[in-house]
Every structure is written in C-alpha cells, then in structure tokens.
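Novice: Give me coordinates for this.
(2 chains)
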Amino acid sequence: MAVHQLIPSFVAGDATGQAALHLQLLLRRMGHFAELYAGEVGSGLESLAQPVSALRPAPEDLVLYHHGIASPLSGHLMHLPCRRGLVFHNISPARFYAGTPLAEALTSGRAQLAAMAPFVEVAIGVSDFNSAELRTAGYHNVHTVPLFIEPERFAESQADPAMRRRLEGPGPTVLSVSRVAPHKRFEDLLALHAQLVRLRPEARLLLVGGYEPGSRYFKSLRRTADGLPGVHFLGRLNHAELVAAYRSAQVFVSMSEHEGFGVPLIEAMAAELPVLAFGAAAVPETLGGAGIAFDEKRFAFLAELVMEMSESPDLRRRLLKGQARRLAHFSAENSQQALEKALGEAPPPRARPHRSPRKPKRPRVAIVVQRYGQVTGGAERHAQQLAEHLAPHWELTLLTTCAKNHLSWENVFPPGPDRVDGLQVLRFPVTRTRNIRPFNALSNTVFNRPNERLREEHWVAEQGPLSPGLLAHLEKARDAYDGFLFFTYLYAPTVWGVPMVADRALLVPTAHDEPPIRFGVYSDVFERPRALMCNTPEEISLIQRLYPNHARARVVGVGVDRPSAAPQRFREKHGVHRPYLLYVGRLEPGKGIPELLSHYRVLRQRYADAPDLVLAGEAHMELSGEGVRYVGRIDEQDKHDALAGALAVVVPSRFESLSLLTLEAFAQSTPVLVNGHSEVLVGQVERSGAGQAYKDLDSFITGLREVGNQRGPMGRKGLAYAKKYSWAKVVAAYQEEMDRILEEKRR
Amino acid sequence: MKLLGRDIPARELIARIEERLRLRGLPTSEPADVPEEGVEPRVDPLSFNLQALEEHTDPTRPLPLHTHRGGAGQLVVVAKWAFRKTCQVLINETLSRQRVFNGHVRDSYAQLSAELLRLRRELEELKAAKAPAAAPPEPPVVPVRPRRPRAK
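Specialist: Have a look, this model is predicted:
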C-alpha cells in the first residue's frame, strides 16, 4: 500500500515539514510509495509536495495527517476514502496565548484532535508524552515513533565559517534555539542571563529563532534585553549558520514550559553542546537522563550551574559522553522499527529456514533508468548496451520515463508498454518539466555548502525526473521481479527508488566527483543496495572517500564492441578532408565543450596546419569557429568510421565515471586526449598508455603534438587495452551478483 | 531544587552551588515555580465548536487588534482602529444578512449536536443492556457541555 502524508504547511525551516521528510525516507525504506501533500506549499517547493487537491488515495492506501494547530485538513482527513492515520506533534497550551488570536486556534486544534479520534486507525505520537495526550483525546491504537536527526549534519565541518567568526567572543556563551513565543519563556532566559553577567560581565546569550517584531511579547523582551549586555537575537538562520551557532556556544539552555518533543535538545547533543533544560512536558523524556534537567527556575542558582557546565572540563566530559549515548537512541533505524510496529509491519519472528524450490532459470529483472531508447547520454547508452547483452540470460523489463531530453524531461515517448530493439520497456510519464536556468540558480545556492535535508531533497526533486508512476510501480510490482538494476546515482528515480527495493537492488552508480555527490541524501543510494557495479578503480576510491559505509563495490565496467570501420566513408559523407580531432557526445557546457573550443581557437591561431575539430552529437550550445565542424547526431556505424579516421579523440569532460568514448576510440586503434582534471580519464590513459591528458592550453597543445607523433604505437596500446573489456566478463559479473540476491531470497 | 541527569553528581553539584550562593549572600532557597504536571485535557469538539460558533456568530463584532510586524505594522493597527471607530454603521449594514445566516448555522449545529449526544447516550444504554449482567454499566462517554478552558 502507498503511505502518503498530509501536512497543513510545507515550508522551509518548519519542523513538521522536516518530520514529514524524515518519515517519507523511512516509509521508502520500508518499501512504500510515499508522497507529500500540503495545504500550503512553500514557494519553490512544489516539486517536493503537492497540493491537497491532488491527493487521490486508493481505498487500501494509508494517509498520515500531521496535526498541530487548528487546520481545515483535519476535516479533510475524516472524509478521505482510504485508511487514515495521524501524527501528533502536540499543541502549545492556549493559556500562554490568552488575548491573542492564536489562543482560539490552539484550543480549536485540540477539539479537532478529539473529533478525529473515531476516524483514525493508527495514531502516532512523536514522544510518549504526545502519545499520552492522544489517549486522553480518545485514540486507541496509539504508538510512539520518535523523531530522529542526522548527527553528521551538525558536525563542525557543517558550520558556516563566516557565522562562526561572527560569533567568536568571550564566554560563557549560552544558546537557546526556538521561535520566540510566550510558552518558550524567553523572559526566563533573559533573567538567567542577568544573573550570569553578574558572575561574568562578558557572558553572552545567543537567541536563535524567528520572531514577530511587532508582537507585544517580543517588544517587552527587547526592552528587557536592551538593559543587558551581550544579548543577541539572531533570528532565523540557515542550516550552516545554525550549526555555527551551536558550535559557538558553551551551554544550550531551554526554559520552555511546553515541548511535545524538543528537537533543538537533540540537535545540541549532535553538536556536542551540553544541555540544560527546564523539565517541562516531554523534555525529561527527550533528555532521557542525558544533559541536566531542572525543576525550579532559580536564576542565581542556574547561573552558577551554567558556569560549572562551561568551565568544569570533567562535568562537560561526563555530560557530552551521556548525551552521545542518548543521541544514539534518536537514530533513523530506531524510528523505523517503531514505525514498522505502528503500521503493523514488524517482521515476523523467523521460523525455521525453508528454501523455495529452485532458482529461476531466467531471473526476472527490472532495469531502472531515467531515459531509454533513442536518447543521447553516456549512462543511458551504457544501460542500453548492458540490457542488450543481459537479455539472453535474464527476463528483462526496462522501467523508464517518457522523457527524451535530459534537460527538460518533457514527455515525448507515449506512456505504457513499449519495445526497443526487442526488449520490453515500460514507460511512466514525468509530472514536472525542468527549466534549466532556475535549476542552475538553485544548484548555485546548494552546491559546496552544508544543507539541511529539505534543501538537498528539493534539489533532487528539481533535478528529476519526477515520475511518481514509476515509484508506485516499484511498490506494487516489486514481487514481480527477482532483482532490480538501477542506473546512475544522481537522478530522482534512483534516489527514491533504491531504498524501496534495496534488498534486491544492484546499482551502476556512474559516480564522478561533482558537487551533488556530497549531499547526505545520497547515502542510501550508495549504502543500501546489495552491490555497486562500478566502472573504474577511481570510481570506487571516490565512493569510499565520501561514503565509507558504502555497499560492496566491484569494478565491472563495460564491454567494448569492435565493429569494422571505414574512415573514408565518414570523410566522404561529411566532407571532412583534413586531419581531425573528434568528440562524440552531448555538446553542452557540463561536458567541457566551451573549454575545448577556447583551446582549439588558440591552437588554430598559432598553427596553420592544426587539424580540424569535428563535433558530433546533440548540441545544447552555440558551436562555431574556424576549423570547427559540427556534423550533428551520427549513427553507430558513422561513429566507428569517424573514430577510426581521427587523429585523436578528445574527451574534454571533467566529470566521468567511465568514458565509453575513450574505450571505443581505443577499439579503433585511435589514441585520446583527455581532460586531466578527471581522475577516471587520467587513470584510463595511464593504464592504457594510449593517450595524453591536458589541464590547460599549453598541455593541450603539447599533448596533441605527442599524440599526433605517436598515433601508431599509442593506437596499438589502446587496442590491446580495449580487448580486455569483454562483454562475456561483464555479463558474468552481473550474473554472479544477481545469483547472490536470488540465493538470499531462497533462504 | 532538583537536578536530573544520569551523568552528573547531582547532590554534590547542588551543595557546591548552594554554598557559593550563601557566600555571595544570596538566598539559597526561593519559592518554587513548578509548572502544571501532566498532559493537556481533552477538548470536547462538539461543545467547543458550539461555543466558538456562539462567540463568532456576530460578524460585526471586531476581533482584537493584533500585528506581528514592527514599524509599519503599528500604523496598520491604528488605521484599522480608526476604520472600526468611524465605519461601524457601514460594517453593520454590510454584514447584516451574514449575521442572520450565522445565527441559523449556530442553531442548526446546536440542534444536530444535541441530537448526536442523545443518540450516543442511547447507544451506550443499548450496549450496556446487551452486555452480561455482571458487567458494571459504563459512565456516559460525553460530558454535558463542558466549558472551554479559561484563559489565565
């Protein structure tokens, strides 16, 4: 069954939205198709959450509604024609908001909570405290599923350096993180600070969280704070700045008088910051004996205690050790176990092992790839070649989208069953096209900096292709397949699909060193499949460096076909009569084409006898210049003819997991000139001895001269290297891995 | 004063701090400000909704003035206040039919919810009558019009 979530508001920086994303991750790991629907979707987040009006659950589906303050969605839930569940995040008591419009909305939220009870089959509290409130409100099937955090996102390396410098200063520094609201008792934090500055005049109080500058409450806090030194209202911070704030303080203090869970408490634990908190509502439960909870707000006493916590190394060590122990409790694994129990999916106790009758002769395998058929792209071509060679051994189905263009993901192929070169293909529509400019702008805001999960998931969703039908098929038809083979780590179907079927999934990552590979959202992709089928030793080293807990990885690569070629045929067909350098592939900035054109322009200016530059493939940019010959897309025979006749093949991309073009050039005894910034390409050239690498204009020119002079011997070395890449070996490796999966399935 | 934490020598810590407070001439015990224990009570939806409808039936009655913005937000509050002061006749005239409609909604809800309460009670009585004689009768499930929690 699909398990969707319904949230009143899905906006950046909202704790409920983060909880929903975390639950979505767990639900996918449990094999469910899981989408988000929201009453209000924050601007730009439409790729992650859909409007409530789009929710059309099947009768057997479960919809989990996140409830807090009054929302019309509670009424919507009661009328949904499917199974219904509730996730309760608690509601601030109305007594703290008397005389404000919020008071009624809070009480109304509690009334809605009670009203929904008879209509809900499973109720989830994020703490035992919340679960107790659910029972009081009339719920029966109540379970506690604690929230979790990703501790690695609060490491020192994730802190914003500028904010870290800005917050440098004398101590002790006390930090509190929450929106400025009456029940959070910021006045008590100021009272504590007033006592602290009597002990240490240089003490500072950092207050992180959104506030309403016009509210009476904030204005009264501001007046008090103005009379105290060292108070800083930092407002809402982005993730990296928040980590910097945690990492800049000596003690985290909470004076809140009502918490349904208290996420900042565990965030502080993850940031190795001792916690001191008033033991109200769920706070003692969340602390679980770690940190220090107190039961009376004696500010002079607490100020002395803060001094002890800041300055006593022994006390800090003991606190941090205990907090680290407690933090382990809030892991995704523990939350998943609790969620499985809540949804009645706890794995049954293992009965005696029994073996299913026999291993299938031809395993049913689905290859999941973002595009398939008449499309240009290295990974897609790789998938196609592999599918063709595996087809005699496996019963294959290609699960893919209707997209042809990887930049826009526009639906071109009709949805449903299709056949490509005799192979069965099942296509699913893409629900959102991509506009590459805003996407590139988004990339600039998230690359090479620490992010919270929401921003990374948002990037993946915008990267696409978004094809909910494909994910729904993975859930519904998972038992129709013995195994799954996913292609490319980068795209949404892989990121969200691999966790759903990880126990029988192989991944061909085609990973290379590019900014998004550092996103934490990719950890499931590299860590959860049964094996990673890599292309080169450099690719494995990269994965090992970034994901030390990665799944078992092996170098498999591809086979190289060596069809006969006639260079003259290509020359005549395209009117190429001079020696030429050749590139075949996508012609776009990401492939290093602008740099190649720039080097070539200078080469042409300096040397009258410079070879022509022949470019073939789908162009997504302007291609012009003296000696530059664009021949458009060419067919396979044309390609091999062109490769055989080239002076050298140039591979200008910095980001390659394996250059098929390089291997195909070697197979035609043609040397290569490759981008020296790519470890993979340099590795291929060094191992083969059949080319040169360049990093700048000078090395481009000297490399070309070397390759031109040594074309014959280098070409022979290239051919010898290409012969090692046999399809028989590749197919055997895939069969071996699939056999392991089948063997485990039989146990 | 209690300090809770598995990893701290709580008694020793308290004694040390209390001693420091005594040396500073500060009182070592102050009146405790202990919050209410336990979870929030259930808010009965039928009663709450009826009360909320009663409270808001008259659309010509203004809500409290409020803004979360600083600066210009204050000007908006003043402008709203002035509008209310000077245009009440217009407001009344514009919303008169809405007031009548809201009254009907309130009365309909009151009648339907009372009917629902009566039916629930009857159902409980029938269930109790069907149950074995030994079982004690269950108390009525729904309280009669409990008050909304009063703001402090």
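Novice: Quick one: distance of stretch A:487-496 to the chain centre.
Specialist: Centroid separation for stretch A:487-496 versus its chain: 9 Å, with C-alpha atoms, centre = their mean, to the nearest Å.
Novice: Residue numbers of the stretch 201-350 of chain A in contact with chain B?
Specialist: Proximity of the stretch 201-350 of chain A to chain B, by C-beta under 8 Å from any C-beta of the partner chain, involves residues A:212-215, A:257, A:279-280, A:284, A:287, A:289-298, A:300-301, A:304-305, A:308, A:315, A:318-319, A:321-323. Where you see a C-beta, it was placed from the backbone N, CA and C, and this is true even at glycine.
Novice: Now the buried members of those.
Specialist: A:212-215, A:257, A:279-280, A:284, A:287, A:290-298, A:300-301, A:304-305, A:308, A:315, A:318-319, A:322-323 (16 or more other C-beta atoms under 10 Å in any protein chain shown).
Novice: Narrow those residues to those in helices?
Specialist: Of these, the ones assigned to helices by DSSP state H are A:Pro284, A:Leu287, A:Ala300, A:Phe301, A:Glu304, A:Leu305, A:Glu308, A:Leu315, A:Arg318, A:Leu319, A:Gly322, A:Gln323.
Novice: Following the record's annotation, map out the domains of chain A.
Specialist: Recorded structural domains for chain A (assignment: automatic domain parsing) are A:3-144, A:151-330, A:364-555, A:567-722.
Novice: quick one: terminal-to-terminal distance for the longest one?
Specialist: Across domain A:364-555, the straight-line distance between its terminal residues is 24 Å, by C-alpha to C-alpha, to the nearest Å.
Novice: in the top helix by length along chain B, what's buried?
Specialist: When chain B is parsed with DSSP H, its longest helix is helix B:96-130. Using 16+ other C-beta under 10 Å as the test for burial, helix B:96-130 gives B:Asn102, B:Arg106, B:Tyr109, B:Ser113, B:Leu117, B:Glu124.
Novice: got the residue ranges for the strands in chain B?
Specialist: Assigned by DSSP state E, the strands in chain B fall at B:3-4.
Novice: Where do the helices of it begin and end?
Specialist: Under DSSP H, chain B gives helices at B:10-23, B:45-56, B:72-94, B:96-130.
Novice: could you give the angle of the last one to helix B:72-94?
Specialist: What that stands for is helix B:96-130. With axes from the mean of the first three to the mean of the last three C-alpha atoms, to 10 degrees applied, the angle from helix B:96-130 to helix B:72-94 works out at 90 degrees.
Novice: Which neighbouring elements make contact with helix B:96-130?
Specialist: Judged by 3 or more C-beta pairs under 8 Å, 6 or more residues apart in numbering or on different chains; DSSP states H and E, helix B:96-130 is in contact with helix B:45-56.
Novice: Pull the helix it packs on out as CSV, backbone CA atoms only.
Specialist: Taking Å, rounded to 0.1, in the frame of the first residue of the first chain, the C-alpha atoms of helix B:45-56 are listed here in CSV:
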residue,chain,number,x,y,z
PRO,B,45,-15.2,19.0,19.8
LEU,B,46,-19.0,19.3,19.9
SER,B,47,-19.0,21.7,22.9
PHE,B,48,-16.0,23.6,21.6
ASN,B,49,-17.4,24.1,18.2
LEU,B,50,-20.8,25.2,19.5
GLN,B,51,-19.2,27.7,21.9
ALA,B,52,-16.9,29.0,19.1
LEU,B,53,-20.0,29.5,16.8
GLU,B,54,-21.8,31.3,19.6
GLU,B,55,-18.7,33.5,20.1
HIS,B,56,-18.3,34.4,16.5
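Novice: now that helix and helix B:96-130, what's the angle there?
Specialist: Angle, helix B:45-56 to helix B:96-130, by the same axes, to 10 degrees: 160 degrees.
Novice: dump the residue contacts of the closest residue in space to A:Gly344 that isn't next to it in sequence.
Specialist: Nearest residue to A:Gly344 in three dimensions, chain neighbours excluded: A:Val122, at 7.9 Å (C-beta to C-beta, 6 or more residues apart in numbering or on different chains). Residues in contact with A:Val122 (C-beta atoms under 8 Å, 6 or more residues apart in numbering or on different chains) are A:Leu62, A:Gly85, A:Leu86, A:Asn141, A:His143, A:Ala342, A:Leu343, A:Gly344.
Novice: got those as a markdown table, with neighbour count, pLDDT and secondary structure columns?
Specialist: Formatted as a markdown table, the contacts of A:Val122 follow (neighbours: other C-beta atoms under 10 Å in any protein chain shown; pLDDT from 0 to 100; DSSP: H, G, I helix; E, B strand; the rest coil):
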| residue | neighbour count | pLDDT | secondary structure |
| --- | --- | --- | --- |
| A:Leu62 | 20 | 97 | strand |
| A:Gly85 | 21 | 97 | strand |
| A:Leu86 | 26 | 97 | strand |
| A:Asn141 | 13 | 96 | coil |
| A:His143 | 17 | 97 | strand |
| A:Ala342 | 21 | 96 | helix |
| A:Leu343 | 22 | 96 | coil |
| A:Gly344 | 10 | 92 | coil |
